[in-house]
Each structure stands twice: as structure tokens, then as C-alpha cells.
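**Q** Starting from these lines, generate the structure:
(chains A and B)
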Number of protein chains: 2
Amino acid sequence: MTKPPLPAGHLQTLRQDLGDRDALAIADELGRLAPAERARIFRLLTKQKALAVFRLLDTAHQEQLVIGLRDEQVLRLVQELDPDDRARLFDEMPAAVVRRLLAGLSPRERRLTSMLLGFPEESAGRIMSPKFVRLVPEMTVAEALERVRRRGRDAETIYALPVTDDELKLVGAVELRELLLAEPETLVRKIMDPEVRAVRVDEDQEKVARLIQAADLLALPVVDMENRLVGVVTVDDAMDVLGAEEEEDLARTGASEPLGRPYFSASVFRLAQRRAIWLLLLAVAAILTVNVLSAFESTLETVVTLTLFIPLLIGTGGNAGAQSATTIVRGMAMNDIRSGDLLRVVLREGRVGLLLGTMLGTLSVAPVWLFTDRSLALIIALTLVTVCTLASLVGSLMPLLARQLGVDPAVVSAPFVTTIVDATGLLVYFLIARIVLGI
Amino acid sequence: MTKPPLPAGHLQTLRQDLGDRDALAIADELGRLAPAERARIFRLLTKQKALAVFRLLDTAHQEQLVIGLRDEQVLRLVQELDPDDRARLFDEMPAAVVRRLLAGLSPRERRLTSMLLGFPEESAGRIMSPKFVRLVPEMTVAEALERVRRRGRDAETIYALPVTDDELKLVGAVELRELLLAEPETLVRKIMDPEVRAVRVDEDQEKVARLIQAADLLALPVVDMENRLVGVVTVDDAMDVLGAEEEEDLARTGASEPLGRPYFSASVFRLAQRRAIWLLLLAVAAILTVNVLSAFESTLETVVTLTLFIPLLIGTGGNAGAQSATTIVRGMAMNDIRSGDLLRVVLREGRVGLLLGTMLGTLSVAPVWLFTDRSLALIIALTLVTVCTLASLVGSLMPLLARQLGVDPAVVSAPFVTTIVDATGLLVYFLIARIVLGI
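**A** Have a look, this model is predicted:
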């Protein structure tokens, strides 16, 4: 899968190889080109292949391509997309372009796309496909298969088939596999799973995707407020959602906002912009540490050696806090940890922090004693125990409290915890130093 | 989806509700119980439901249950698992138990399981299902559907069907949907996709899963060294792999090893153990900062005010480094960034760092000048520019170099970058201070 980087002759080679490569390989290469080159190569593709490649591109690349192609070409591609993929693309595009493209769609596609765009962002409604094949319980298996054959071409999936009553209320689901393996005259009612899970159209996307992941589903029915079937979310869309959510958690643990697009599609300015606000906020929060240090300036003047250990102590505290925060944020994302677990979690993390702090503190005594003196060895050891425990407590509490305030836990995870632990760690360090040294 | 926490009466309620809940809800609740309680509740389930629940449990929970149940009960469950899920469970269990369980399986299941266990860890061979329905190009669609009906019950998926020649060499693939929608007398050759992608049995699991994700596949054929079909990897297994890989990257960005199991299934000791080695290594690396500071002890004694800004400066540098490292690690995981891109990436990140450093440096001048003096304002501003640029360079270089050395980039990401940037940042700070202050 390793491809060469992009030397001068690369474009030439790519052009010659187009016929030999499959859609995924072409989409992969296109993603690494500058927008103008991308459009130039894309125009060389056959109609069929162009559509296959377009489907596989990231939304950001689709958007850049749409700008580089002629209107009738764009319209053909957009008309062929599934309504949910089309809605995702439109979301990224300027309103004027979206209006023009919507106007060019067939009435049915226009209606379906507008419906999806009407649901709140990040909701199940945005990623569901409104084109599905539904069955009714009174059908025989033969009739059901006949319906799948007749209507299946247009649906996003036919592998998980929702079953509804005449009022479109969801009453069950059948996997195509069951249908195919059953006797033709059996009633759908007999083989359907009446305990089928469904989600409401306004449910959060991540919850929907996690449900599909946990239950190993190929598709999940989506219902409106009256429990009427309005769409299905398929596993490929669930994977995209999980990918985006996990990029978000990872980015925020690394103190930035997610890029939301492949690395080389983001300009240097966009890269800086996704990070600037975080750096700035964290720097402002770090003014706390300046305050703590200036409060203890006289102590520092008396014992300059104390300064030597500042980065090591706050670094260790920050790491311990980041460890707790990252574990808890992940546990919450996986629904292993729920709001009611606050006390249980904090008690566990406090014990973990105490254990780790005791380990580090014990190990630090000999080397610090050797290179400085006994009282400093005592100060460092006591500070490590206290700071690690404190850091684990803060690191576990902050994401849990954030969720209760309706904030994404990942926002207040590792970087914020680290900064807060820095300031409190310094405070602990100097208080312990003053007591031990009697100043 | 919110469930109450675990009060005293919870077990009682759960026992009464078992009949009303679906398998996923029961698996979810069982995951939150202590192992002994879990086995007690599990034994109350009907045979059918017990299997459905067992399939949905995490491997860690399956393993704990196996220990708590009687042998014949365990054997029934294990016999019904798909071979790849069974191999994953066996991987976690003591060799003696595995031998006993293998001996109890039917010869065919034993052979398939042993085959999977023979492939290297983290390879495609470990997660593929060796039970598939294969077609041959000369079959008609009617014959192919008949074969799917006859053999489909036992296969893990029938939705993506590999096509091979008589020597089992992969020549194409058909989606069940195409088969169902085609005319009965059409030849499979006519409707199959001859450009089907396949992976070798020793390919890395994460690459396999990323391919399934990028190409929106339901299953991917796996071939041996002679291009003979040996299995298929299904999308649900790909999702599990991606989930595990992403947990790993997230954990390491937060300075710990992944838990590999739900939060409450890990003991306090295991939690501490996953973090201890990281804390220790990072603390040892932080001794660099002690060295730098002791080299500049005389400078610190002369200008104690310099100390006040140490945590803020190294914190900011650490954040900038973490931002770059996290972005690059993610880009590499998504295959957006490849080994050949090193120079291109480092140049971009250097510019991003310079941009961010200039922004922060400029903003810092006025407040620092106001609260201290002009020369300190100059020192802080220059340090911020230099440290942010340096941090971005280090943060992007380290994961790329790690990969070239065959180390997981996430291992040397955010936490290591932060620690290294701490030491170099201090060096830069004092050098600039000495020049500006002329000492």
C-alpha cells in the first residue's frame, strides 16, 4: 500500500496508470494532490469510474472537486450520491452553490436531501438513508424477496430489512440472510426479530454509531417521534462517525481541535487556526502558575535548589492527570462509565494515583538524597505522593463534571487537567517545602 | 440508554427484568457487575439468550465468565462462537484451559480454530472467518443463490461473496445484492467485480480494517502466499480492530498503555500497572530539565524573576509539541502521511509553530512589560516564538522517525515530545535571557 511521494513525474505516471488502478487507489492518490491537479486528473476518468471515485473521497475533497468541475458534471455526480452523503457534502458548501445544485436534482432526490438537511447537526437524521426496503409482517418470505428484488436497486442497504405495520410503525426486522434461508411460504412475522432496536431521529450520532458497533449490526432503523420508520443508518456511516469522534477525542487530548480532513488538504493557516485558541487559553490558565510562584518568591530566593525540581514535579503531576483524564474520557465515550458512577470512579482513581505516587516517591528518595540533601529528598518524595494523588482526582473529576455541565468531556481533558495540576502542584510543593525546612 | 448505577437492589431488579431485556442490554449490564455476580445472572438466561449475550460480551468478560461456569456449559458456548471470536477468546486464556476446550470441540471447529491461532498476532489471519461461501465464475446466478442457501447457515457473512477458480485462487467478488437483483441465468463471471481487493493473511490488522473503512466494504477476502482464498474479514471485526487501535493511540497520547477492557473490569492494580512504566520513564527523561536548570543556577540566583515564567513557558512549548505530534500520529494512522512525506511535513509544521509562536509572543509583550519590565518582556516573547517553532518541529519529527525505526509512532507522541521540549525550552529560555540581560 506504500505509494511514492509526489515528485515532478508523479502526475504523469498517475495519468498513465489510471486505467490499471481501482477506484480506491485513485481516490487515495487524488487526496494527496493539490485541488487544481485533482480536478485535472479527475476529468480523465470514465463516467462510471468517476462516480465510484467520487463516492470514496473525503467530504473536503469532494467539495474542492465540485468547485473545480463544470456544473453539469457536478450535477451528475451529486445526483448519484446517496441522500445522506449528499447532505454531508452540502453541509460543507456555500449556500448559493447548494441552492443551485438542489434545483438541478430530481424532485424526489431534492425532497429527500432537504429532509435530511432539516434535522439537527450530529443527529441520527443526518446520517440515515431515507431509501430503504420495508416489509410487513403478513408477507410471505417469497413476497418479501420479490419486493427486495423490485425495490432493492435504489436502497442503500437490503441486508437488514425493517418490518412495519400499515401505519409505518416499526414492529421488527429481518436480516436478508434469514429471508434467503427460510422456506418461501413462511410468514415474515415468524422469522422477524420483534425486539429490534431503533433510534429516534434526533438521537446523537455517536450513540447511534456505538450501538451499531456494540451489537454488530449492519443497519439500524431510525424512527420519528411517533415511532414511524423514517430511515436506516448503515454500518459504513457508523464507521465514519466513530472515526470522526475518535479524531476529535484524540485531537483534544493533544490540545487542538480536529482537522476534519486529511492532513495535506489543510492549509498551514488552517492547521494553526485549529490550535491557536487552545494554546492561548492554556497559556492564560498557566498564569495561575506565575501567581503561585510569585507568592513564594521569597522561599525561592532562600532555597534556589527548589527551582531545579519544578519542571520534573509538575511534569509528573501533569502526566498522572492526563492518564486519568484520558482513561475516563474513553470510558465515557464507550458508555462504560456513566454519570451515576462519579463517586465510584473518583475513589478508584484516587487509589491509583496514591499507588503511583508512592511508587515514584519511594524511588526518588535515594537519587535526590545523593545529589542534594536529606530534607530535599523528603520534600520531593512527599510532593510526588500528594501531586500524583491530586492529579488523578482532578483528572477523573473534570471530565465527569464537564459532562454534567453539558460540555464534551474531551474538551477539559488532558491539557486542561495538566495546566490546573501544574498550579496546584506548585502550591503543594512550596507548602511541603516550608514545613519541612521550617521557613 | 442511561441505566441507574449499581445500588444494593440492582441485582434483584436485573434478575426480574431479564426476560424483558434484549441481549445487548443484558450484555451491557453484565459488563458492569463483579465477576461472581455476572456468572450468577448469566446462569439464569435461556440457552438461546445466553449464547446471544455471550457473543456480545467483551473478550475480557467472556474470559471471566468461562472461569465462573461449569465445563459443559462453557463448551456449548465456545462451540457456537465464530472461529475468529473463539481464537480471540483463547488468546486471553491459560494454555491448559484452551487445550481442554479445544479437545471438546468438533474436529472441524478444532481444526479451524487451531489454524487461526497459528497466524501471527495482529495479523489478518487472526480476525478472518475461515467459514465463507465461495462461488466460481462459471456458475449461473440461480446456481450461486442455491449454493448460498445451502451453505449460508454456517458462514459468518453471505453478503460479500468471493469468487475463485478451481484452485481456490481469488478471481473476483460479488455482493449478494447484485446476485439477487440479476437475472437467474446470468453467469457469475458477468456480474462479479474482477478488481476485488484482497489482503494477505499476514497483513497487519489495522491496515485491513482501514481498507474496509475507506472502501465501505462489508467483507474483505484474505488470501495465502499463493493467492488462494483462506478467509474473509467482516466489517464488525474491522470495527473492533479500529476501536482497539484508537484506544491505543488515545491512551498513549495520554501517557498510558490501553486498558484493553471496559473501565470497571480493570482492577485498581491493573489501572496503575498500565500507567506506571510511562510515569517512570517520563520522570527519568525529565531529569534532563533538572540538569539544564542546575547548569543555569547562577543565572537563576541573579534574576529570580526568571523562575516565575518557567512553568508557563515549558507548558506552552509542551502543548505546541503535543499538538503537532497528535496531528501527525493521526495522519499516519489514516495513511494520509507516509514515510516519504517527512520533509514536507516538517516544513509545514515548522511554519505552523512559527505562526503560533509569533501570535503568542506578540500577545505576551504588553502584560509582561506591565507587571515586570521591558527586558523580561523581550525575553518571554522571543522564547515563545523559538519554543513553539522548536516544539512543532520536534513534535512532527519524532513520530515520523519512530515509524522508520519500526516503533509505533504513538509511543513517542505527545508525552515524550512534551518532556523533551521541556528541557530544550529551558535551555532556549536561559540562553536568550543571558544575551538580553548581558549576563
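**Q** where does the stretch 1-150 of chain A have low pLDDT?
**A** Counting by pLDDT under 70, the stretch 1-150 of chain A shows low-confidence ranges at A:1-11.
**Q** one more time with 50
**A** Scanning the stretch 1-150 of chain A with the threshold set as pLDDT under 50 gives A:1-8.
**Q** Now do the helices in it.
**A** In the stretch 1-150 of chain A, the segments counted as helices under DSSP state H, counting those that start in this stretch are A:10-17, A:23-30, A:35-42, A:47-56, A:59-68, A:71-80, A:83-92, A:95-104, A:107-117, A:124-127, A:141-151.
**Q** Please apply the same query to the stretch 301-439 of chain A.
**A** Using DSSP H, counting those that start in this stretch, the helices of the stretch 301-439 of chain A run over A:305-308, A:310-333, A:342-371, A:374-404, A:414-437.
**Q** between the ones you listed, which one is nearest to B:E245?
**A** Using CB to CB as the measure, helix A:310-333 is the one of the helices of the stretch 301-439 of chain A that comes nearest B:E245, at 12.8 Å. Where C-beta positions appear, they are placed from N, C-alpha and C, glycine not excepted.
**Q** same question for that closest one, mean pLDDT?
**A** In this model, helix A:310-333 has a mean pLDDT of 93.
**Q** For it, C-alpha coordinates in CSV please.
**A** The C-alpha coordinates for helix A:310-333 follow below in CSV (Å, rounded to 0.1, in the frame of the first residue of the first chain):
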residue,chain,number,x,y,z
ILE,A,310,9.9,22.4,39.4
PRO,A,311,9.6,21.1,35.8
LEU,A,312,10.1,17.4,36.9
LEU,A,313,7.4,17.7,39.6
ILE,A,314,4.8,19.5,37.6
GLY,A,315,5.6,17.3,34.5
THR,A,316,4.9,14.2,36.5
GLY,A,317,1.8,15.6,38.0
GLY,A,318,0.6,16.6,34.6
ASN,A,319,1.2,13.1,33.2
ALA,A,320,-0.6,11.4,36.1
GLY,A,321,-3.6,13.8,35.5
ALA,A,322,-3.5,13.2,31.8
GLN,A,323,-3.6,9.5,32.4
SER,A,324,-6.7,9.6,34.5
ALA,A,325,-8.4,12.1,32.2
THR,A,326,-7.7,10.1,29.1
THR,A,327,-8.9,6.8,30.6
ILE,A,328,-12.1,8.4,31.9
VAL,A,329,-12.9,10.2,28.7
ARG,A,330,-12.5,7.0,26.8
GLY,A,331,-14.6,5.1,29.3
MET,A,332,-17.4,7.7,29.0
ALA,A,333,-17.3,7.6,25.2
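**Q** all helices for the stretch 151-300 of chain A, in order.
**A** Listed in chain order, the helices of the stretch 151-300 of chain A (DSSP H, counting those that start in this stretch) span A:176-181, A:188-191, A:205-214, A:235-253, A:268-285, A:287-295, A:297-302.
**Q** What average pLDDT does the fourth one get?
**A** This points to helix A:235-253. The average pLDDT within helix A:235-253 is 91.
**Q** hmm, back to that, may I see the helices of the stretch 1-150 of chain A organised as JSON lines, with mean neighbour count and distance to B:D224 added?
**A** Below are those laid out as JSON lines (neighbours: other CB atoms under 10 Å in any protein chain shown; distance: least, CB to CB, whole Å):
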{"stretch": "helix A:10-17", "mean neighbour count": "13", "distance to B:D224": "27"}
{"stretch": "helix A:23-30", "mean neighbour count": "21", "distance to B:D224": "22"}
{"stretch": "helix A:35-42", "mean neighbour count": "17", "distance to B:D224": "35"}
{"stretch": "helix A:47-56", "mean neighbour count": "18", "distance to B:D224": "28"}
{"stretch": "helix A:59-68", "mean neighbour count": "19", "distance to B:D224": "35"}
{"stretch": "helix A:71-80", "mean neighbour count": "16", "distance to B:D224": "37"}
{"stretch": "helix A:83-92", "mean neighbour count": "21", "distance to B:D224": "36"}
{"stretch": "helix A:95-104", "mean neighbour count": "14", "distance to B:D224": "47"}
{"stretch": "helix A:107-117", "mean neighbour count": "17", "distance to B:D224": "44"}
{"stretch": "helix A:124-127", "mean neighbour count": "25", "distance to B:D224": "37"}
{"stretch": "helix A:141-151", "mean neighbour count": "17", "distance to B:D224": "35"}
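**Q** Please name whichever of these is nearest to B:D373.
**A** Of all these, the one in closest proximity to B:D373, counting by CB to CB, is helix A:59-68 (47.3 Å).
**Q** just checking, what packs against the closest one?
**A** Contact partners of helix A:59-68 among helices and strands, from 3 or more CB pairs under 8 Å, 6 or more residues apart in numbering or on different chains; DSSP states H and E: helix A:35-42, helix A:71-80, helix A:83-92.
**Q** at 7 Å what do you get?
**A** For helix A:59-68, the packing partners by 3 or more CB pairs under 7 Å, 6 or more residues apart in numbering or on different chains; DSSP states H and E come out as helix A:35-42, helix A:83-92.
**Q** Need the helices of the stretch 151-300 of chain A in TSV (columns: distance to B:E297 and mean neighbour count).
**A** Putting the helices of the stretch 151-300 of chain A into TSV (distance: least, CB to CB, whole Å; neighbours: other CB atoms under 10 Å in any protein chain shown) gives the following:
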stretch	distance to B:E297	mean neighbour count
helix A:176-181	73	20
helix A:188-191	80	18
helix A:205-214	51	21
helix A:235-253	35	22
helix A:268-285	27	18
helix A:287-295	17	18
helix A:297-302	12	15
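**Q** could I get those as JSON lines with distance to chain B?
**A** Below are the helices of the stretch 151-300 of chain A laid out as JSON lines (distance: least, CB to the nearest CB, whole Å):
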{"stretch": "helix A:176-181", "distance to chain B": "6"}
{"stretch": "helix A:188-191", "distance to chain B": "13"}
{"stretch": "helix A:205-214", "distance to chain B": "5"}
{"stretch": "helix A:235-253", "distance to chain B": "4"}
{"stretch": "helix A:268-285", "distance to chain B": "4"}
{"stretch": "helix A:287-295", "distance to chain B": "4"}
{"stretch": "helix A:297-302", "distance to chain B": "5"}
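**Q** wait, what's in contact with A:E156?
**A** By CB atoms under 7 Å, 6 or more residues apart in numbering or on different chains, the contact set of A:E156 is A:82, A:129, A:131, A:234.
**Q** could you pick out which of those residues are near chain B?
**A** Checked against chain B using CB under 7 Å from any CB of the partner chain, the contacts of A:E156 give no members in range.
**Q** out of the residues you listed, what pair is the most spread apart?
**A** Put simply, by CB to CB the two of the contacts of A:E156 set farthest apart are A:K131 and A:T234, 10.8 Å from each other.
**Q** So these two - more neighbours on which side?
**A** A:T234 (26 against 18; other CB atoms under 10 Å in any protein chain shown).
**Q** Contacts only, for that one.
**A** Each residue near A:T234 by CB under 7 Å, 6+ apart is listed here: A:129, A:156-157, A:218-219.
**Q** which one of the residues you listed sits closest to B:L69?
**A** Once CB to CB is applied, the member of those that ends up nearest B:L69 is A:L218, at 30.2 Å.
**Q** so which of the helices of the stretch 1-150 of chain A comes closest to A:L437?
**A** Closest to A:L437 of the helices of the stretch 1-150 of chain A is helix A:59-68 (CB to CB; 57.9 Å).
**Q** How about the residues of the stretch 51-200 of chain A by chain B?
**A** For the stretch 51-200 of chain A, the contact set with chain B under CB under 7 Å from any CB comprises A:56, A:148-149, A:152-153, A:158-159, A:176-177, A:180-181, A:195, A:197.
**Q** can I get these in TSV with distance to B:I314?
**A** Formatted as TSV, these follow (distance: CB to CB, whole Å):
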residue	distance to B:I314
A:L56	43
A:V148	63
A:R149	67
A:G152	61
A:R153	61
A:I158	58
A:Y159	54
A:L176	59
A:R177	58
A:L180	63
A:L181	64
A:E195	56
A:R197	49
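**Q** Which single one of those is nearest to A:S114?
**A** For those, the closest approach to A:S114 (CB to CB) belongs to A:R153, at 22.9 Å.
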